[in-house]
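Asks: Next come a sequence and a model predicted from it.
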2 protein chains.
Amino acid sequence: MTDSHEDVSDLLPLREPTFLILLSLAEGQKHGYAIIKDVAEMSRDRVTLSTGTLYEALARLLDQLLIERVEEPDEMGSHPGRPRKAYRLTLRGQRAVQAEVNRLQNLIAAAQQRLGLERQGSGD
Amino acid sequence: MTDSHEDVSDLLPLREPTFLILLSLAEGQKHGYAIIKDVAEMSRDRVTLSTGTLYEALARLLDQLLIERVEEPDEMGSHPGRPRKAYRLTLRGQRAVQAEVNRLQNLIAAAQQRLGLERQGSGD
DNA sequence: GCATTATATATCGGATACCGACGTATACAG
DNA sequence: CTGTATACGTCGGTATCCGATATATAATGC
């Protein structure tokens, strides 16, 4: 293991919208519009993705092999709007999410040292 | 309190280099080049700021009133290189750092929910 | 004395990601 | 059959980062 193409460190840091898109897909496969709603909910409405951000990010993440299309067998039959396109995380995508979480944890650890360890709960 | 000009939420998220610059200054006043070395050390050499990133960021942060020039009385007399310019965090800058830390903590909390709470230490 | 090195600030052009605005398409409710 | 919510897509503007380049100065080696 640890092939060269599995190294994901040069994709970091992820910007917040990109990270939240991947994190949303970590829960299971979703189509684009569902990701927008999920990210809004997950962030308690702090982050509302524009469609520009979302669909450009999906194209980029496909290209980077962090996500892949799911050819949904059928099942999600009738619904308003254009035909949905579902995506899921690849193994590489899962690694990228984990690597980004580690980066964030290291950042917070550094911050707590510098700020004298005083903590602030989840202040909004 | 809570004047309108004290609201820093529209400055978030901070990009990693910007956050680390402010965090470095949270320790005490520094000049530019010292920030570069400190950030490298703080991040265990994961982040090495280019001078372009640093000095452009300092100009921007001055403009946003997150940092201010310190007219060093003298004291740091002789040294190689151009005359140093020292900076320190403003109160507003301290608020921005804390707000960013809170954002990061919220992000990690969301991630741990989605990823099933499995933790990975400070993997590098 | 003089070249080299380490320190230090500054600017510029290219690249990337985000974002708002706009456009298209489709199903369902009234 | 008009409106609304859903759904995908593109484009131009903007902010930040980054490598390359330039400049300035003190100490060090010879």
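Replies: Yep, it's here. Numbering: from 1, shown residues only, chains lettered A, B, ... in the order given.
Asks: Would you mind naming the helix or strand containing the residue nearest the centre of chain A?
Replies: Among the residues of chain A, the one closest to the centroid is residue A:22, at 1.8 Å (Cα atoms, centre = their mean). Residue A:22 is part of helix A:16-26 when elements are defined by DSSP states H and E.
Asks: returning to what we had before: residues in contact with the residue nearest to the centre of chain A?
Replies: For residue A:22, the contact set (Cβ atoms under 8 Å, 6 or more residues apart in numbering or on different chains) comprises A:14, A:61, A:66-67, A:89, A:93, A:96-97, A:100. (Glycine included, C-beta is placed from N, CA and C.)
Asks: can you rerun that using 7 Å?
Replies: Shown in contact with residue A:22 (Cβ atoms under 7 Å, 6 or more residues apart in numbering or on different chains): A:66, A:89, A:93, A:96-97.
Asks: Next to DNA strand C, which bits of chain A? Give me the list.
Replies: Counting by Cβ under 7 Å from any atom of the strand, the positions of chain A adjacent to DNA strand C are A:14-18, A:49-53, A:56-57, A:60, A:78-82.
Asks: make it 6 Å
Replies: Counting by Cβ under 6 Å from any atom of the strand, the positions of chain A adjacent to DNA strand C are A:15, A:17-18, A:49-53, A:56-57, A:60, A:78-82.
Asks: Report the two of the residues you listed separated the most.
Replies: The largest separation in the residues of chain A next to DNA strand C, counting by Cβ to Cβ, is between A:15 and A:78 at 35.3 Å.
Asks: Among the two, which residue is more densely surrounded?
Replies: With neighbours defined as other Cβ atoms under 10 Å in any protein chain shown, residue A:15 and residue A:78 compare such that residue A:15 has more, 13 against 4.
Asks: distance of the closest residue to that one other than its chain neighbours from residue A:95?
Replies: Excluding its sequence neighbours, the residue lying closest to residue A:15 (Cβ to Cβ, 6 or more residues apart in numbering or on different chains) is residue B:13, at 7.7 Å. Per Cβ to Cβ, to the nearest Å, residue B:13 is found 22 Å from residue A:95.
Asks: And the strands in chain A, which stretches?
Replies: Secondary structure of chain A (DSSP state E): strands at A:30-31, A:67-70, A:86-89.
Asks: What residues does chain A have near chain B?
Replies: Contact residues (Cβ under 7 Å from any Cβ of the partner chain) of chain A with chain B: A:13, A:16, A:23, A:26-27, A:42, A:98, A:101-102, A:104-111, A:114-115, A:120, A:122-123.
Asks: Now with 8 Å, please.
Replies: Proximity of chain A to chain B, by Cβ under 8 Å from any Cβ of the partner chain, involves residues A:13, A:15-16, A:19-20, A:23-24, A:26-27, A:42-43, A:46, A:97-98, A:101-102, A:104-112, A:114-115, A:120, A:122-124.
Asks: what number of residues lie near the nearest residue to residue A:18 once chain neighbours are set aside?
Replies: Nearest residue to residue A:18 in three dimensions, chain neighbours excluded: residue A:57, at 5.4 Å (Cβ to Cβ, 6+ apart). Applying other Cβ under 10 Å, we find 22 residues neighbouring residue A:57.
Asks: residues in contact with residue A:57?
Replies: A:17-18, A:21.
Asks: could those go into CSV alongside distance to residue B:32?
Replies: Shown next, in CSV, are the contacts of residue A:57 (distance: Cβ to Cβ, whole Å):
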residue, distance to residue B:32
A:17, 31
A:18, 30
A:21, 35
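Asks: What subset of the contacts of residue A:22 is buried?
Replies: Buried subset of these (neighbour count, 16 or more other Cβ atoms under 10 Å in any protein chain shown): A:66, A:89, A:93, A:96-97.
Asks: In chain A, which helix is the longest?
Replies: Counting by DSSP state H, the longest helix found in chain A is helix A:91-115.
Asks: What residues sit buried inside that helix?
Replies: A:92-107, A:110-111, A:114-115.
Asks: Good, we can wrap up now.
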